[in-house]
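Asker: this is a predicted model, with the sequence first.
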2 protein chains.
Amino acid sequence: MEYPHYARAVDDRLPAYLQLRDRLAGQIAAGTWRVDEALPSENVLAQQTGLSVGTVRRAMQALVDEGLLERRRGSGTFLKKPAFDASLFRFFSVQLPDGQGTIPSSRLTSRQIAPAPEPFRALFGDVEAIHIERLRGVSGQVLLAEDIWIPSSRFAGFESMPEAEIGPLLYPVYMSRFGVLVARIVDDVSFSTADGKMAERLGLPQGAPLAVVERIAYAPDGMPVEWRVACGSATWFRYRSRIGPG
Amino acid sequence: MEYPHYARAVDDRLPAYLQLRDRLAGQIAAGTWRVDEALPSENVLAQQTGLSVGTVRRAMQALVDEGLLERRRGSGTFLKKPAFDASLFRFFSVQLPDGQGTIPSSRLTSRQIAPAPEPFRALFGDVEAIHIERLRGVSGQVLLAEDIWIPSSRFAGFESMPEAEIGPLLYPVYMSRFGVLVARIVDDVSFSTADGKMAERLGLPQGAPLAVVERIAYAPDGMPVEWRVACGSATWFRYRSRIGPG
DNA sequence: CAGTGGTCTAGACCACGTC
DNA sequence: ACGTGGTCTAGACCACTGG
């Protein structure tokens, strides 16, 4: 098995603050700190690494910007709960007749090595891919059907992981099990109608209006790590996008 | 007439780098530098302001993050073309049968002081509002119908500006004419169907599937400055959202 | 070659939380 | 009182751009 991404030696051509950022991300992925536990202070890290406090600050700030850490003045720098996927996967957030915003439940209906469609190959090259089919919903009602492709080189063994070890959110699993941090996302939202197979997966009539979200996820180094397509009934659909700081 | 936002005295309780950021943003709004013109270098600004170079860097970096400036190593820091609106208003980017991505043309069909709908009042309070109706399209074909509400306190006189002074993009006008910088956006994408009036505005059959984008725009100080709803045929619709750095 | 931004240092003082 | 992060300074060296 290949080493997880962040366990690999960091690229020593990078500036020191990025090397430290990657080392810390690796330790976070390895579970060095529990959620809401304080990391070593800036001064301690500076002493340990031989870097100046300012450089350490910059490395930690980068992880704050990526949503992994939280700084509390007078108190310390803490590992954030990986609400990561929930904050990114924020469509279907959920506009049910009654409901408030809850994280949809998740069921993996298929995982296997399979030939990947063209958009995946355009991104990743001609590599082996794992295809994941997932249904998400709330209280029994299926709302979203997802097709997810990941390269088997980075995610070796994902297709045979016990389902119990995979929660409702995938990105925390990517990080804790494979050391892969998703830092950046590009989503494309469009509109379509349900073909026979999709209508069946979603429990909709054939030809029903469909919202489609195509997503590419990238690691901090800019390499793509996942391609997914999510479909749901256009009727309930709601996609929220924040642009700019905050 | 009220002073434009950035012409007001900067809040001197803020840290020095934020005060400088706001002062520079004010000068940009006032047209001190042309597009692609270099701002004073870090050293010069540091000397002029009496601040250290590091603090000046931080102020400039904040404006780079907001998309106003661009830094070129070895060369200088330059005012970016306000592709601002184009980069934010990136749906309908445009997926026409033939076309490539172009900035849609724009026609203001109505501007008047008018009672604002509830979502606006929830954001802005019970203030007077200017209602702008706009049609956007490419080569004669209408693609998008927008309803835009802005508070008349910040945008006094907008409803009677000569249309010739308003280009295809509104945010540059907000900045250059009213000193209002849009720093942050929240978009909500959903799907609906066209009622009679909307069908007519867009030249679609009644009941046609509709993509709806509701947008709230915020100034750097966190105050809302605009609320808009944009509708277009779901068929051509494509909304791209980038999450995370880059 | 002179000037620019990019990185990095080794300090300083302050505001804030915790004990 | 002490340690934390937030701000700020006054330098340093480097990589790069431009004339």
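Answerer: In hand now; what should we look at? Since the structure is predicted, the reported quantities are computational estimates derived from the model, not experimental observations. Numbering: from 1, shown residues only, chains lettered A, B, ... in the order given.
Asker: can you tell me the element the spatially most central residue of chain A falls in?
Answerer: Geometric centre of chain A, nearest residue: A:Tyr171, 3.3 Å, by CA atoms, centre = their mean. Under the criterion of DSSP states H and E, A:Tyr171 resides in helix A:170-178.
Asker: got the domain boundaries for chain A?
Answerer: Partitioning chain A according to automatic domain parsing yields domains covering residues A:5-79, A:84-233.
Asker: tell me the most buried of these?
Answerer: Highest mean neighbour count of these: domain A:84-233, a mean of 17 (counted as mean count of other CB atoms under 10 Å in any protein chain shown). Bear in mind the C-beta positions are built from the backbone N, C-alpha and C, glycine included.
Asker: immediately after the lowest-mean-pLDDT helix or strand in chain A, which helix or strand?
Answerer: None of the helices or strands of chain A scores lower by mean pLDDT, DSSP states H and E than helix A:84-88, at a mean of 45. Toward the C-terminus, helix A:84-88 is succeeded by strand A:105-113 as the next helix or strand (DSSP H and E).
Asker: where's the residue nearest to the centre of chain A relative to A:Ala217, distance?
Answerer: Distance of A:Tyr171 to A:Ala217, computed by CB to CB, to the nearest Å: 8 Å.
Asker: which sections of chain A are below the confidence cut-off?
Answerer: A:1-10, A:82-104, A:139, A:243-246 (pLDDT under 70).
Asker: nearest to DNA strand C: which residue in it?
Answerer: Proximity of chain A to DNA strand C (CB to the nearest atom of the strand) peaks at A:Gly74, 2.5 Å away.
Asker: got phi/psi on that residue?
Answerer: Main-chain dihedrals, A:Gly74, degrees, to the nearest 10: phi 80, psi -10.
Asker: now do A:Ala114
Answerer: Dihedral pair for A:Ala114: phi -150, psi 150, per degrees, to the nearest 10.
Asker: for the nearest residue to it once chain neighbours are set aside, give the beta-bridge partners.
Answerer: Excluding the flanking residues, the one nearest A:Ala114 by CB to CB, 6 or more residues apart in numbering or on different chains is A:His131, at 4.0 Å. Taking DSSP bridges as the rule, A:His131 bridges to A:Gln112, A:Trp149.
Asker: from A:Ala208, how far out is A:His131?
Answerer: 24 Å.
Asker: chain center to stretch A:205-215: distance?
Answerer: In terms of CA atoms, centre = their mean, to the nearest Å, the centre of stretch A:205-215 is set 22 Å apart from its chain centre.
Asker: what's that stretch in contact with?
Answerer: Residues outside stretch A:205-215 that contact it (CB atoms under 8 Å, 6 or more residues apart in numbering or on different chains) are A:91, A:119, A:185-196, A:198-199, A:202, A:204, A:226-235, A:237, A:239, B:191, B:209, B:234.
Asker: let me see the contact set for A:Arg21.
Answerer: A:Arg21 sits in contact with A:Ala59, A:Met60, A:Ala62, A:Leu63, A:Pro220, where contact means CB under 8 Å, 6+ apart.
Asker: shouldn't it be within a helix?
Answerer: Yes: counting by DSSP: H, G, I helix; E, B strand; the rest coil, A:Arg21 is found in a helix.
Asker: one step back: the contacts of A:Arg21: which two are farthest apart?
Answerer: Pairwise distances across the contacts of A:Arg21 (CB to CB) peak at 14.2 Å, for the pair A:Met60 and A:Pro220.
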